[in-house]
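Enquirer: quick one: sequence and predicted model below, then my questions.
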Amino acid sequence: MEKFDLYFFEEHYDNGAAVLCREDGETVKMVEYDDEYVTYNIPVSPDMVCQVRSYYPSTLTLKEEGHFLKKGGTRIGVWKKYDEFGGIVAEHDTDADFPVSWDQMAQRLREEKISLQEVTQIGRSKTHEGIAEWRFTLCPAPKVLETVHFDAVTGILLKREKEIIKIRK
């Protein structure tokens, strides 16, 4: 049964977290919240998928685990919840309503000549009309925000919206 490494966390705790930089460049960030400890495995850029695990504070056993995207925290894939003894109590497939996977969307972005470096926010949800969509907010130029919408079932580009940011003096 996997447990949170409280010894490492307490030995390396500084400024609200303990951070470990692995030889492969991945960063592991360990944080304590009111009701749980959490580890974030943050890959080297440009990989966008992070692994997150939360732990019960009383037993330090695994509470929940899954993956999310760095820019926006969008949960992807199957998330699992555990009881304090390590038994699975729930599984939720966050991709069920969004058949176009993250890997397929990353390919679509390349096809549309959208750089992940320009992307500032990634999200996915259902519109008021019930359409499942992926949304990407980018900053292609100073004072310009662009939101790009893709159908999350077909991968088709739905629309691109640009907005000029007005700065008040």
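Expert: Great, that's in hand. Model, not experiment: these values are computed from the prediction.
Enquirer: remind me, longest strand of this protein?
Expert: As assigned by DSSP state E, the longest strand anywhere in the chain is strand 132-141.
Enquirer: show me how far that strand is from its chain's centre.
Expert: In terms of Cα atoms, centre = their mean, to the nearest Å, the centre of strand 132-141 is set 15 Å apart from its chain centre.
Enquirer: please apply the same query to stretch 19-39.
Expert: Worked out by Cα atoms, centre = their mean, stretch 19-39 lies 14 Å from the chain centre.
Enquirer: neighbouring contacts of that stretch?
Expert: Contacting residues not belonging to stretch 19-39 are listed as 4-6, 8-9, 12, 16-18, 40-44, 52-57, 60, 63 [Cβ atoms under 8 Å, 6 or more residues apart in numbering]. In this view, the C-beta of every residue, glycine as well, is placed from N, C-alpha and C.
Enquirer: any of those buried? List them.
Expert: 4-5, 9, 18, 40-42, 52-56, 60, 63 (16 or more other Cβ atoms under 10 Å).
Enquirer: follow-up on the earlier one: among the contacts of stretch 19-39, name the ones in helices.
Expert: 6, 8-9, 12 (DSSP state H).
Enquirer: now the two most distant members of those residues.
Expert: Spatial extent of those (Cβ to Cβ) is set by the pair 6 and 12 at 11.2 Å.
Enquirer: between those two, which contacts overlap?
Expert: In contact with both residue 6 and residue 12: no residue, using Cβ under 8 Å, 6+ apart.
Enquirer: check which element follows the longest helix anywhere in the chain along the chain.
Expert: In the chain, with assignment by DSSP H, the single longest helix is helix 102-111. Downstream of helix 102-111, the first helix or strand assigned by DSSP states H and E is strand 119-126.
Enquirer: which residues sit against that following strand?
Expert: Here strand 119-126 has contacts from 48, 69, 71-72, 74, 97-98, 109, 132-139, 152, using Cβ under 8 Å, 6+ apart.
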